[in-house]
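Trainee: What follows is a predicted protein model with its sequence.
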Amino acid sequence: MAELWASADIAEATGGAASAPFAVSGVAFDSREVGQGDLFVAMKGETTDGHKFVEKAFGQGAAGAIVSEPVNHPHILVPDSAAALEALGRSSRKRITGKVIGVTGSVGKTGTKEALFQALDRAAPGRVHRSVKSYNNHVGVPLSLSRMPRDSAYGVFEMGMNHAGELSALTRQVRPHVAIVTAIAPAHIEFFGTEEKIAEAKAEIFEGLQPGGTAIIPYDSPHVTLLYNRAERHASRILTFGTSPKADVCAREALPAPGGGTLVTATLPGAELCFTVAAPGDHWVSNALAVLAAVEAVGGDLAAAGLALAEMPGLPGRGERRILPVAGGEALLIDESYNANPLSMAATLKQLGRERADRRIAILGGMRELGSRSVELHAGLVDPLRAGHVDHAILVGAEMAPLADALNGVISFTHVADTAAAIPIIQNDVRAGDAILVKGSNGVGLSRLVAAMADSARDGDRN
């Protein structure tokens, strides 16, 4: 494994003291994720102390640790491990000469980040680094930065927030050459009050742009003017993307692809590209346009990006499609269980309506952090359910009560208290020819339902 950090470099970056020379090939702060040769960062949190897991980390192969208390293993002693991780991330960012792209937005962050990775890696294999999972907060961003190899040609980093000022701090660590806002939706509106305030907070990503940097914003958003005005303060170039012919990166044509997904003809400032987006749905066309804008902005290979978009599989919890063997044939399971807000609910329900199916079932969990608008926004899913031609809805959680009230006499539905109650209902009712969408905020736990359905299908297949 290639050396990522030497102990002397870690000590210099963090201002700490090394107990002994060592070298590491990776970085982790969760002892469960520590692998051979990793640096374990033992941080003290509100409910736990990473120092309790130092022995476990070294037992799993850690080569060194960052600690604020001395331990009987090779380590860097610092006053504050969390601050040291941030310092290590900043040092990592300073030492690379490649192009860095930052991604934020109310929806589509992780999908766009992953698509960007695939698009750039297609032309520069093994030289593209990106944040993993949804490591996009005050701990995840410096961790992702600290893991970046010094010879990376590109770095792609997701940044999230649920309060004003958070993105401002994160983007100054990432210091992107290109900053993307995917879309604005009432996610976390509980903490902001209005979508406009959310747009203002998302626009903080532009504050970290490097000189000569590019801002990429959604032309179709009602907040495009606000985003554009904020971007002008920091960006040397602004690219818009969307379906409008006025967008700099525009989907001139978008047609259903024969094998699923969408066949897109896109125009860019200096090119035209025809490509397929493997993931179905208008929201994925929008994500793909943002990806192309970013690839163009960093001087990447657009043709290679188009090929990557055509081959990119769905992500678990974010659109992964599974074919389930059931009695008499197969059912389609669409896993959108990781997150939900009104905009993403509408987009995925619209796509469900396009699926060829004998019956369309929507299993919807509550949308969290909607504050005083929760009742209104949950009840407002009636029209998207109609647009999705949903035959039956299973509503999960107390947040879904307003929708249950609004759906009376509109479509068939079942309202249950929690995921545990929903699992046997769908397991006992799934039929050949069904298309089943599972979507809700992560805290609802619908990923357990997806796993249970997959396990049942495997058991049935073995029998």
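Mentor: Okay, I see it.
Trainee: And the helices in the stretch 251-400 of the chain, which stretches?
Mentor: Ranges of helices in the stretch 251-400 of the chain, per DSSP state H, counting those that start in this stretch, are 282-297, 302-311, 342-352, 374-379, 382-387.
Trainee: Distance of the closest residue in space to residue 3 that isn't next to it in sequence relative to residue 145?
Mentor: Excluding the flanking residues, the one nearest residue 3 by CB to CB, 6 or more residues apart in numbering is residue 23, at 4.8 Å. Yep, even glycine has a C-beta here, placed from its N, CA and C like the rest. As for residue 23, its distance to residue 145 is 19 Å (criterion: CB to CB, to the nearest Å).
Trainee: Comparing those two, which residue is more hemmed in?
Mentor: residue 145 (28 against 19; other CB atoms under 10 Å).
Trainee: Quick check: phi and psi at the more buried one.
Mentor: phi -60, psi -40 (degrees, to the nearest 10).
Trainee: tell me, what residue is most central in the chain?
Mentor: Central residue check for the chain by CA atoms, centre = their mean: the C-alpha nearest the mean position is that of residue 110, 1.9 Å away.
Trainee: For burial, what's the neighbour tally of residue 89?
Mentor: Residue 89 has 24 neighbouring residues, counting by other CB under 10 Å.
Trainee: Can you list the helices and strands that the host helix or strand of it packs against?
Mentor: Per DSSP states H and E, residue 89 falls inside helix 81-95. Helix 81-95 is packed against helix 7-14, strand 38-41, strand 64-67, helix 140-146, helix 166-174, with contacts defined by 3 or more CB pairs under 8 Å, 6 or more residues apart in numbering; DSSP states H and E.
Trainee: How about stretch 388-407, which residues are buried there?
Mentor: 388-390, 392-397, 399-400, 402-403, 406-407 (16 or more other CB atoms under 10 Å).
Trainee: and the residues you listed, which of them are in strands?
Mentor: Counting by DSSP state E, those place 392, 393, 394, 395, 396 in strands.
Trainee: Show me which of the residues you listed is closest to residue 448.
Mentor: residue 396 (10.8 Å; CB to CB).
Trainee: which ones are touching that closest one?
Mentor: Residues in contact with residue 396, defined by CB atoms under 8 Å, 6 or more residues apart in numbering, are 363-366, 416-419, 421-422, 440, 444, 446.
Trainee: beta partners of it?
Mentor: Under DSSP bridges, the beta-bridge partners of residue 396 are residue 365, residue 416.
Trainee: Where does pLDDT dip in the stretch 101-250 of the chain?
Mentor: Judged against pLDDT under 70, the stretch 101-250 of the chain has no low-scoring part.
Trainee: Run a quick neighbour tally on residue 117.
Mentor: Neighbour tally, residue 117, other CB under 10 Å: 22.
Trainee: Which helix or which strand is home to it?
Mentor: Taking DSSP H and E as the criterion, residue 117 maps to helix 109-123.
Trainee: so the residue nearest to residue 3 makes contact with residue 2?
Mentor: No: Residue 23 lies out of contact with residue 2 (CB atoms under 8 Å); the separation is 9.9 Å.
Trainee: thought the residue nearest to the centre of the chain was touching residue 158?
Mentor: Yes: here residue 110 reaches residue 158: they are 6.0 Å apart, a contact under CB under 8 Å.
Trainee: Return the distance of stretch 374-384 from the chain's centre.
Mentor: 24 Å (CA atoms, centre = their mean, to the nearest Å).
Trainee: got it, and stretch 385-405?
Mentor: With CA atoms, centre = their mean, you get 25 Å for stretch 385-405.
Trainee: Which pLDDT value goes with residue 63?
Mentor: Per-residue pLDDT puts residue 63 at 98.
Trainee: Also residue 369?
Mentor: 87.
Trainee: how far away is it from residue 415?
Mentor: In terms of CB to CB, residue 369 sits 21 Å off from residue 415.
Trainee: just residue 454 next, same as before
Mentor: 24 Å.
Trainee: neighbour count winner among those two?
Mentor: In this comparison of residue 454 against residue 415, neighbours counted by other CB under 10 Å, the higher total goes to residue 415 at 18 against 14.
Trainee: Contacts only, for the more buried one.
Mentor: Contacts of residue 415 by CB under 8 Å, 6+ apart are 395, 400, 401, 404.
Trainee: Serialize the residues you listed to TSV and add fields for distance to residue 52.
Mentor: Output for these, formatted as TSV (distance: CB to CB, whole Å):
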residue	distance to residue 52
395	41
400	39
401	41
404	44
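Trainee: and those, which two are the farthest apart?
Mentor: By the measure CB to CB, 395 and 401 form the most distant pair in these, at 8.2 Å.
Trainee: report the angle between the axes of the helix holding residue 117 and helix 282-297?
Mentor: What separates the directions of helix 109-123 and helix 282-297 is an angle of 50 degrees, with axes from the mean of the first three to the mean of the last three CA atoms, to 10 degrees.
Trainee: No further queries at this time; thank you.
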